[in-house]
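A.B. asks: The following comprises the amino acid sequence and a computationally predicted model.
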Amino acid sequence: MHILVCVKQVPDTKIIKIDPKTNTLDRRGVPAILNPYDTHAVEEAVRLRARYGGKVSILSMGPPQAVAALKKCVEIGADEGYLISDRAFAGADTLATSYALSRAINRIMKEEPIDLVICGKMAIDGDTGQVGPGIARRMNIPPLTGVKKVEEVDEANQKIIVHRKLEDGYEVLTSPLPCLLTVEKEINEVPYSPLPNMIRAARYQPTVWTVNDLEDVDRSQLGLKGSPTIVGKMFSPPKPEGGKRLTGTAEQQVSQLVEVLLKEKRELLVQGGK
Amino acid sequence: MSEKFDAIVVGAGPAGTSAAYTMAKAGLNVLLIERGEYPGAKNVMGGVLYRHQMEEMIPEFYKEAPVERPVVEQRFWMLGEDSVFTSGYKGLEWAKEPYNNFTVLRAKFDQWYASKAVEVGALLINETVVTECIVEDNRVIGVRTDRPDGDVYADVVVLADGVNSLLAKSLGFHKEFKPEEVALAVMEVINLPAEKIEDRFNLEPNQGTTIEIFGDATKGALGTGFIYTNKTSINIGVGTTLSGMIKLKLRPYDLLDYLKNHPIVRPLIGGGEPMEYAAHLIPEGGFHSMPKIVGNGVVVVGDAGQMVNSIHREGSNMAMTSGRLAAETIVLAKEANDFSANMLDTYRIRLLESFVGQDLKKYKDATHTFESYPQYFKEYIPMINQAASQFFTVDGIPKREKQKKIFKRLTEGKSKLGMVQDIYRAWKVMK
């Protein structure tokens, strides 16, 4: 089974700050990491390979530094990595990104057919979760979002059974292969990578393609030109105000709390009466 | 069986990276293992990089390395409670190539330096902790890491795992440090706009200042404070021996806080935004504390071997030179296919012949002496401040009378013989 995982290198948003004047991200000095959701996608692919055999390939789009994210995937256990990197891709929104990635997938499929595509739930810098389904649509395969478990892959009959997370539970779903999964964090825990993987990753050089290496590309659909998204306005949401801390013995705290609640209720009644 | 390398280097600081770079460049198959997220993530130093030793590794490195500012001025402060007696040197020849020293931020610089080792063929793996050396028949044959399938083998292991080298300790190379053999330094990086730094320190763009502070920075304890200028930030820190801190019942952060709020220091850093806080041990025992640094299949370099000149606040340069000398010896050992302690001892001999050994020997008694005779820091520095204040205050008292008063004050409650002894003692350990 040939599994392709699409990943993204993102700024570590734990560290990132918002410029209070322009409301844009201040990326200075912020390290780039492999999107945390994508680590689970790669791990799931590695686990499926352990169960069913085959190969795990990784695809990413980004600047040359994004090679580091692909090496990270090799640390987790991926076999091959491809990076598409070109000025022509710069400034892409989710529509243009899924288009560029689908062109690269075409090229990979020419060398070896793909049975399953896996993406992380979303990237932590954009939070949209649109690229995965976008790729599925362009490849004309079923998108299965919110996957929290892969129950079984039936290679003989080209079927997969997965659990999809719903608001009030989960659904068990059978889909034909190939298809595309976007996976939740809870699908697995990414273990500490073994040393031989680390050494292999340190040596590994992923394949890097420019736009000229891809076939049947409509350049008007790439990069900023191919991105209809317009950012109207950006703002930082107000910080939630910290609550009040009650002190004293448990009894004192309870009586204080009751007092506060009663006072609030009275105020509401007075307001309602007006 | 796991892969076998020619050499494994533990720790990607200045010592380890210099060793890995030198060996990889000579064609050896080198694995460089770093415990931090990236080289420099866990490394701390005040922030002065010495051009000479770095150029021995990579000529004209400053043309591409992420250095902050070339140092054009070195100031020395003898700090009183609300006064300072200053001296120093500013030379604009240091503002031009080939420069003298640079301020650097280690998180950036170490990453760059390690990337140069990778460029010449070293394999770097991060986020991996070496837990022990694998020893067989009284020789080190590899290391065990905390990762699954974590054993890896090599002809030689280079221990560059820093001041508290657990690996050298577990090999029995050195014992637990005594409190007077290590200093604890705490520092902060404080963001300030470049123009503010240049105004406050009287600098042109792309020029930097270092200030070494003695006296009240450490409340009289043996140690120093420092203020270094980066591009858009200032490193400020203070370090004292652990024993001094214990004696004065000081907490390290309180000392840094005290320095930051000192009336002489405050205007230099005021309005800045603290970005990072770090604390680190510095090996200050010097020559007498140097552990065993060579064994069968293993060498120790840098801080792990206590190579710091605390008097001149030099360490990274000694680390680089020791890493390079160890690597050159290993390259020879590889040619002879002999990795015994006997063969590797060439490294120790060359190190002692180099400036590292010479300087450590020169100051071998300095830390100990200043620790044992606290009057240098506790009494003489305040005295110098008082003397200067008296001499320069214009109050109608004739200068000759002032001189008399100052001299009287200096010798008050002290035997003249004692003072002569103090001066002789200081001269002896510094000469």
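C.D. replies: That came in fine, so what should we check first?
A.B. asks: I'd assumed residue B:323 was in contact with residue B:53.
C.D. replies: No. Assessed by C-beta atoms under 8 Å, residue B:53 is found out of contact with residue B:323, at 9.9 Å. C-betas here are computed from N, CA, C, even on glycine.
A.B. asks: So which of the two has more stuff around it?
C.D. replies: Using other C-beta atoms under 10 Å in any protein chain shown, the more surrounded residue of residue B:53 and residue B:323 is residue B:323, with 31 against 22.
A.B. asks: Pretty sure residue B:239 sits in a strand.
C.D. replies: Yes. Residue B:239 forms part of a strand when assessed by DSSP: H, G, I helix; E, B strand; the rest coil.
A.B. asks: Which strand residues bridge it?
C.D. replies: Note on residue B:239: beta-bridge partners by DSSP bridges are residue B:185, residue B:224.
A.B. asks: And residue B:368, what's its pLDDT?
C.D. replies: Looking at residue B:368, its pLDDT is 66.
A.B. asks: cool, and the one 4 residues further on?
C.D. replies: The pLDDT attached to residue B:372 in the predicted structure is 67.
A.B. asks: So for the longest helix along chain B, mean pLDDT?
C.D. replies: Secondary structure assigned by DSSP state H gives helix B:316-336 as the longest helix of chain B. For helix B:316-336, mean pLDDT rounds to 94.
A.B. asks: just the CA coordinates of that helix, formatted as PDB?
C.D. replies: Taking C-alpha atoms only, helix B:316-336 is exported to PDB below (Å, rounded to 0.1, in the frame of the first residue of the first chain):
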ATOM      1  CA  SER B 316      34.200  29.700  24.200                       C
ATOM      2  CA  ASN B 317      37.600  30.300  22.600                       C
ATOM      3  CA  MET B 318      39.200  27.700  24.800                       C
ATOM      4  CA  ALA B 319      36.400  25.300  24.000                       C
ATOM      5  CA  MET B 320      36.900  25.800  20.200                       C
ATOM      6  CA  THR B 321      40.700  25.300  20.500                       C
ATOM      7  CA  SER B 322      40.300  22.200  22.600                       C
ATOM      8  CA  GLY B 323      37.700  20.800  20.200                       C
ATOM      9  CA  ARG B 324      40.000  21.400  17.300                       C
ATOM     10  CA  LEU B 325      43.100  19.900  18.900                       C
ATOM     11  CA  ALA B 326      41.100  16.800  20.000                       C
ATOM     12  CA  ALA B 327      39.800  16.400  16.500                       C
ATOM     13  CA  GLU B 328      43.300  16.800  14.900                       C
ATOM     14  CA  THR B 329      44.600  14.100  17.200                       C
ATOM     15  CA  ILE B 330      41.700  11.800  16.400                       C
ATOM     16  CA  VAL B 331      42.400  12.300  12.600                       C
ATOM     17  CA  LEU B 332      46.000  11.100  13.300                       C
ATOM     18  CA  ALA B 333      44.700   8.200  15.500                       C
ATOM     19  CA  LYS B 334      42.500   7.200  12.600                       C
ATOM     20  CA  GLU B 335      45.400   7.000  10.200                       C
ATOM     21  CA  ALA B 336      47.300   4.900  12.700                       C
END
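A.B. asks: helix or strand right after it?
C.D. replies: On the C-terminal side of helix B:316-336, the closest following helix or strand by DSSP states H and E is helix B:341-353.
A.B. asks: List of residues touching whichever helix or strand comes after that next one?
C.D. replies: Once helix B:341-353 ends, the next helix or strand along the chain (criterion: DSSP H and E) is helix B:355-362. The contact list for helix B:355-362 (C-beta atoms under 8 Å, 6 or more residues apart in numbering or on different chains) reads B:286-287, B:290, B:307, B:309, B:312, B:314, B:318, B:321-322, B:351-352, B:431.
A.B. asks: Let's see that with 6 Å instead.
C.D. replies: Applying C-beta atoms under 6 Å, 6 or more residues apart in numbering or on different chains, the contact partners of helix B:355-362 are B:286-287, B:307, B:309, B:318, B:321-322, B:351.
A.B. asks: Contacts only, for the most centrally placed residue in chain B.
C.D. replies: Geometric centre of chain B, nearest residue: residue B:315, 3.6 Å, by C-alpha atoms, centre = their mean. Going by C-beta under 6 Å, 6+ apart, residue B:315 touches residue B:308.
A.B. asks: Same check on residue B:273?
C.D. replies: Here residue B:273 is in contact with residue B:191 (C-beta under 6 Å, 6+ apart).
A.B. asks: do the one 4 residues further on as well
C.D. replies: Applying C-beta under 6 Å, 6+ apart, we find residue B:277 in contact with residue B:188.
A.B. asks: Check the burial of the closest residue to residue B:81 other than its chain neighbours by counting its neighbours.
C.D. replies: In space, residue B:81 comes closest to residue B:216 once its chain neighbours are excluded; the distance is 5.7 Å by C-beta to C-beta, 6 or more residues apart in numbering or on different chains. With neighbours defined by other C-beta under 10 Å, the count for residue B:216 comes to 25.
A.B. asks: contacting residues for residue B:216?
C.D. replies: Per C-beta under 6 Å, 6+ apart, neighbours of residue B:216: B:79-81.
A.B. asks: rerun that using 10 Å as the cut-off
C.D. replies: Residues near residue B:216 by C-beta atoms under 10 Å, 6 or more residues apart in numbering or on different chains: B:77-84, B:225, B:258-259, B:262, B:264-265, B:377, B:381-382, B:385.
A.B. asks: buried subset of the residues you listed?
C.D. replies: Buried subset of the contacts of residue B:216 (neighbour count, 16 or more other C-beta atoms under 10 Å in any protein chain shown): B:77-80, B:83-84, B:225, B:258-259, B:262, B:264-265, B:377, B:381-382, B:385.
A.B. asks: Can you tell me which of these end up in helices?
C.D. replies: Residues of the buried ones among the contacts of residue B:216 located in helices (DSSP H): B:258-259, B:381-382, B:385.
A.B. asks: Distance to chain A and pLDDT added to those residues, as CSV?
C.D. replies: Shown next, in CSV, are those (distance: C-beta to the nearest C-beta, whole Å; pLDDT from 0 to 100):
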residue, distance to chain A, pLDDT
B:258, 29, 88
B:259, 26, 91
B:381, 38, 74
B:382, 41, 76
B:385, 40, 78
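A.B. asks: Serialize those to CSV and add fields for distance to residue A:126.
C.D. replies: Putting those into CSV (distance: C-beta to C-beta, whole Å) gives the following:
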residue, distance to residue A:126
B:258, 46
B:259, 44
B:381, 57
B:382, 60
B:385, 59
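A.B. asks: lowest-confidence helix or strand of the chain?
C.D. replies: No chain in the question, so chain A it is. Scoring the helices and strands of chain A by mean pLDDT, DSSP states H and E places strand A:25-26 at the bottom, with a mean of 70.
A.B. asks: could you do chain B instead?
C.D. replies: Least confident helix or strand of chain B, by mean pLDDT, DSSP H and E, is helix B:366-372 with a mean of 66.
A.B. asks: where does the stretch 1-150 of chain A dip in pLDDT?
C.D. replies: Residue ranges of the stretch 1-150 of chain A with pLDDT under 70: A:20, A:22-23, A:25, A:27-29.
A.B. asks: Now do the helices in it.
C.D. replies: Remark: helices assigned in the stretch 1-150 of chain A by DSSP state H, counting those that start in this stretch are A:36-52, A:67-76, A:94-111, A:131-139.
A.B. asks: Kind regards, and thank you for your time.
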